[in-house]
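[1] got a sequence here, can you model it:
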Amino acid sequence: MPIRPNPIDHLRLRPARLDREQRWLLVLAGLYAGAGLLHVIVWWLDPSPWAGDVSWRKPIVFGLSGAITTASLAWALGGVPASRGRTGGAWIYGVAMTLEIGLITMQRWRGVASHFNTATPFDAAVFNAMGALIVVASLPVVSWTRAAWRNPALDPARRAAIVGGLVLLDVGLLVGVSIAGLGSAMRALGDAGGIATARALVPAHALGLHGPQLTAALAWWWAGRAPASTATALWRVVGSTLLVIAALVGWAFGSLAVTLAAVTVVAAAVAATARRLPRVRTGDVGQVLP
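    Numbers count the residues shown, from 1 in each chain. Just a heads-up that it's a prediction; the model follows:
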């Protein structure tokens, strides 16, 4: 009798099975988590307000969030075929993300705001560098999304978990780039309302950023289902989450018209993508119909 593969085996990051790029990302995730937790202690010793532009919240949140995102990417790389681009992308992402978190942390230790801060030429340069680094860190993630989508070795459930999570992350990073760009422009124009709009985009950014954790958790929860059933459910969740992100973007601009337009565009994109998804039969394991 053939032995069925463990349905959640691909969700486990076992050291013996990790390649060099995955180990590199996990090491970075550990460093980011350590930095975030260290600043929890700093905040305890220096109990300044949690809210505000100058707060220990920034190095704590960005350190821990960066750790979670980077560890999720280490998992997602398990669905990306080995290549020079995969290796180079891991190094590019790691360097860019480390510099991003480092600049945010540096600004707090300097006692100044890290985001939307153009008070001095140096602060403006730091903020602009942070925006550029987000773009650089996003490029490998987009490349990995495409590579995982085209990987024929992935069964339907694993494809949905990895690609769906990466798509949400891509959108979250795009919103993050928009926050930096809009914030810089509105700061230059002295438009306080525009800066408030940029800040209001943060929930949409955060929701997309942690998409890989959502799809991995659901793949684990639905591990007992047939791969085709799990894949269908995961793609529905990804589509619904994209609609929520679109609604949050519209809400940030404070306009019902913008909200409806954003939701409509995303719904059309989701529908168009759904028509290109491989068709699967419930109960098939890894079989994709042409």
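[2] contacts and neighbour counts: CA atoms only from here.
    Fine.
[3] quick one, phi/psi of Phe116?
    Per-residue torsions, Phe116: phi 60, psi 30 (degrees, to the nearest 10).
[4] now do Gly190
    phi 70, psi 30.
[5] and if you look at Val136?
    Per degrees, to the nearest 10, the backbone of Val136 is at phi -60, psi -40.
[6] give the contact list for it.
    By C-alpha atoms under 8 Å, 6 or more residues apart in numbering, the residues touching Val136 are 92-93, 96.
[7] repeat for Asn128
    So Asn128 contacts 180, 184 (C-alpha under 8 Å, 6+ apart).
[8] using the three-state scheme, assign it.
    In three-state terms, and counting by DSSP: H, G, I helix; E, B strand; the rest coil, Asn128 is helix.
[9] now do it, the pLDDT please.
    Reported pLDDT at Asn128 in the predicted model: 88.
[10] returning to that earlier point: most neighbours, which of the contacts of Val136?
    For the contacts of Val136, neighbours were counted using other C-alpha atoms under 10 Å, and Tyr93 has the most, 22 neighbours in all.
[11] contacting residues for that residue?
    136-138, 140-141.
[12] 7 Å - rerun?
    137, 140 (C-alpha atoms under 7 Å, 6 or more residues apart in numbering).
[13] surely it forms part of a helix?
    Yes: assessed by three-state DSSP, Tyr93 belongs to a helix.
[14] run through the stretch 51-200 of the chain and note the low-pLDDT ranges.
    Low-confidence segments of the stretch 51-200 of the chain, defined by pLDDT under 70, are absent.
[15] returning to that earlier point: out of the contacts of Val136, who's nearest Ala233?
    Tyr93 (30.1 Å; C-alpha to C-alpha).
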